[in-house]
Every structure is written in structure tokens, then in C-alpha cells.
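[1] Compute the structure for the input listed below.
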Amino acid sequence: MVTAALGHTISRMDKSFTTLHRVFIATHFPHQVILGVIGGMLVAEAFEHTPRIQTASLSTYLKTNLFLFLFALGFYLLLRLLDIDLLWSVPIAKKWCANPDWIHIDTTPFAGLVRNLGVLFGLGFAINSEMFLRSCRGENGYRLSFRLLCTLASLTTMQLYHFIKIPTHTEYLFYVLSFCKSASIPLTVVALIPYCIHMLMKPSEKKIH
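    Numbering: from 1, shown residues only. Predicted coordinates for the structure are as follows:
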């Protein structure tokens, strides 16, 4: 909106100003952001009252992952039979975009599906890991200092994950690496970081005793 307003103002001030304006904003529309925030709050509230998520077995997570993947794949194939292509904008973008770097396949429905499946897969492994049971399920899991350290370390790690760029020149490779990256995030935040902090706090506890 700001880019359009500035372009309109400049063109009115300078009648001889003639150029081809291209607007490229790598972000979501306002209504998508608002609906995403509301949706995230509703999901978080629903999960807060569903303790089974933290006690489900690894096989349950894997079965859920497989079901979601097959359901999404079947739904996509059904839409293709109805001549509805969810990726209709990708070929058009590849054809007309002046710069291939402007095409972000990480915003496609498949990319979102792969990220969600990766997070669910990693969360299942993290919650059922020995590291999670020793740290978060132990005595330290109820201490405020332990939680604060885990929060700070997790926020820092998430910023580092943000700098990991996945190559997009090959779509299949992108989806595989995106799945691996998404799976590693909950493994790191839920299991690895709490376990490392738990081990660091252990020596100080022994000295006190």
C-alpha cells in the first residue's frame, strides 16, 4: 500500500515520470495474518485442554502423520480429477516472473503440508524420547528457572533456524529438506534443549546437597 501510494504521489508531482512499477512483497495479506492469529489461538486453547497430546505414544503420532498425508494426497487427486489445480499459480509465475528468485514454493499447499507433517513427526519423537522424560517430566520440569532458561534458549535457537535456507531449484529436494527441518525444530526445542539445560543444572544441585 505504501509503495502504491508513493508511486502515485511521484507520478502526480512529476508529469514526465514514466516507469513500470513492480510491487513485490514477500508477506501475507492482512486478513491472512488476522485469521492466522485467531486460528492459532483457538488451536492452542483446544490443545491446552487435550492432555492426551503429551501422553500419546510414538505409534499414535506416526499413524496420525500417515493418515493426514494420505488424506491430503487423496483430496488433491480428487481435485485434479475435477480439473481443479491447487498449484495453478506456480506455472504462471515461472513463465512470467522476471526473476526466478521471486517464486516461493514454500507458500504452496504442499509446502505447508510437508511442514506440518514434519512438526508432528518430530514432536512425536521428542515427547517419547528419553531426553524429554528425564528433563521435562523430572523435578526440573516444574522449576521456574528451568522453564525460563528453556524459553530463552528455544527463542535463540528458533532465530538460528530462521537463517537456514532450503534450496528451491528442485521441488522434491525442497520438500524432503523442509520436512527434515520442520521435524528437527520440535526435537530441538522439546527434547534436546531441555535435556542440555537439565544436565547443566545437575552439577549445581549436587554441590548444594
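
[2] Averaging pLDDT per element, find the lowest-scoring helix or strand in this structure.
    Sorting the helices and strands of the chain by mean pLDDT, DSSP states H and E puts helix 2-13 at the bottom, at a mean of 63.

[3] what sits up against the very next helix or strand once past it?
    Downstream of helix 2-13, the next assigned helix or strand under DSSP states H and E is helix 30-48. The contact list for helix 30-48 (CB atoms under 8 Å, 6 or more residues apart in numbering) reads H28, I53. For the C-beta atoms, the positions are set from N, CA and C on the backbone; glycine is no exception.

[4] next helix or strand past helix 30-48?
    Next along from helix 30-48, by DSSP H and E: helix 52-55.

[5] just how off-centre is that following helix within its chain?
    Helix 52-55 has its C-alpha centroid displaced from the chain centroid by 21 Å (CA atoms, centre = their mean, to the nearest Å).

[6] With stretch 149-156 instead?
    The answer for stretch 149-156 is 17 Å, by CA atoms, centre = their mean.

[7] what about that stretch, average pLDDT?
    Stretch 149-156 carries an average pLDDT of 90.

[8] So which bits of that stretch are buried?
    L149, C150, A153, S154 (16 or more other CB atoms under 10 Å).

[9] Looking at these, spot the one nearest A72.
    Relative to A72, the closest of the buried residues of stretch 149-156 is S154; by CB to CB it sits at 28.5 Å.

[10] follow-up on the earlier one: adding secondary structure and distance to I166, write the buried residues of stretch 149-156 out as CSV.
    Shown next, in CSV, are the buried residues of stretch 149-156 (DSSP: H, G, I helix; E, B strand; the rest coil; distance: CB to CB, whole Å):
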residue, secondary structure, distance to I166
L149, helix, 29
C150, helix, 26
A153, helix, 23
S154, helix, 21
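
[11] Now render those residues as JSON lines, adding distance to I103.
    Below are the buried residues of stretch 149-156 laid out as JSON lines (distance: CB to CB, whole Å):
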{"residue": "L149", "distance to I103": "40"}
{"residue": "C150", "distance to I103": "37"}
{"residue": "A153", "distance to I103": "35"}
{"residue": "S154", "distance to I103": "32"}
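
[12] So which other helices or strands are in contact with the lengthiest helix in the chain?
    Looking across the chain with DSSP state H, the single longest helix is helix 58-81. Helix 58-81 is packed against helix 109-127, with contacts defined by 3 or more CB pairs under 8 Å, 6 or more residues apart in numbering; DSSP states H and E.

[13] which other helices and strands contact the helix it packs on?
    Using 3+ CB pairs under 8 Å, 6+ apart: helix 109-127 touches helix 58-81, helix 171-186.

[14] Run through who's touching the longest one.
    Put plainly, it is helix 58-81. By CB under 8 Å, 6+ apart, the residues outside helix 58-81 that reach it are 85-86, 109, 113, 116-117, 120-121, 123-125, 127-128.
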